[in-house]
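[1] just the structure for this:
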Amino acid sequence: MKQEPEPPCQAEACALQTCLSANTYSPEKCDAHLKRLYQCCSGLYRDRAEKNGTERVNDTDQENISTACPMPRVVERWLKSHP
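    Model prediction:
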């Protein structure tokens, strides 16, 4: 039986969820995991935009990229405020 490929950034999202569960949802203890997820998603969105010949991915296009990633504007905003 053929397995479906894992969605992009899924491993990072699972690591974040595990951290949050282990730390009783104390997000400050999981910032490194969150940053890795958002960096993965940002790269994914950047690659998709380049393939489409656009500067950025629209929030409505996000659903076709990965279920593990928040909307592009959320990722951009968080990474901008957490250098």
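[2] quick one: terminal-to-terminal distance for stretch 55-68?
    For stretch 55-68, the first-to-last residue distance is 22 Å (CA to CA, to the nearest Å).
[3] name the nearest residue to residue 76, ignoring sequence neighbours.
    Of all residues not flanking residue 76 in the chain, residue 42 sits nearest, at 7.2 Å (CB to CB, 6 or more residues apart in numbering). The way it works is simple: take the backbone N, C-alpha and C, and place the C-beta from them, glycine included.
[4] so where is this structure shaky, pLDDT-wise?
    In the predicted model, the chain carries pLDDT under 70 at residues 1-4, 58-64.
[5] where do the helices sit along it?
    Chain-ordered helices for the chain, with DSSP state H as the definition, fall at 10-22, 31-52, 72-81.
[6] check contacts around the residue nearest to residue 76.
    Taking CB atoms under 8 Å, 6 or more residues apart in numbering as the criterion, residue 42 is in contact with 75-76, 79.
[7] likewise residue 69?
    Contact criterion CB under 8 Å, 6+ apart gives 8-9, 13, 37, 40-41, 44-45, 62, 75 as the residues in contact with residue 69.
[8] cutoff 6 Å now
    Under the criterion of CB atoms under 6 Å, 6 or more residues apart in numbering, the contact list for residue 69 reads 9, 41.
[9] got the phi/psi numbers for it?
    The main-chain torsion angles of residue 69 are listed as degrees, to the nearest 10 and equal phi -110, psi 140.
[10] any idea how far the nearest residue to residue 8 once chain neighbours are set aside lies from residue 28?
    Take residue 8 and drop its neighbours on the chain: the residue closest to it by CB to CB, 6+ apart is residue 66, 4.4 Å away. Noted for residue 66: a distance of 25 Å to residue 28, by CB to CB, to the nearest Å.
[11] cool, thanks, signing off.
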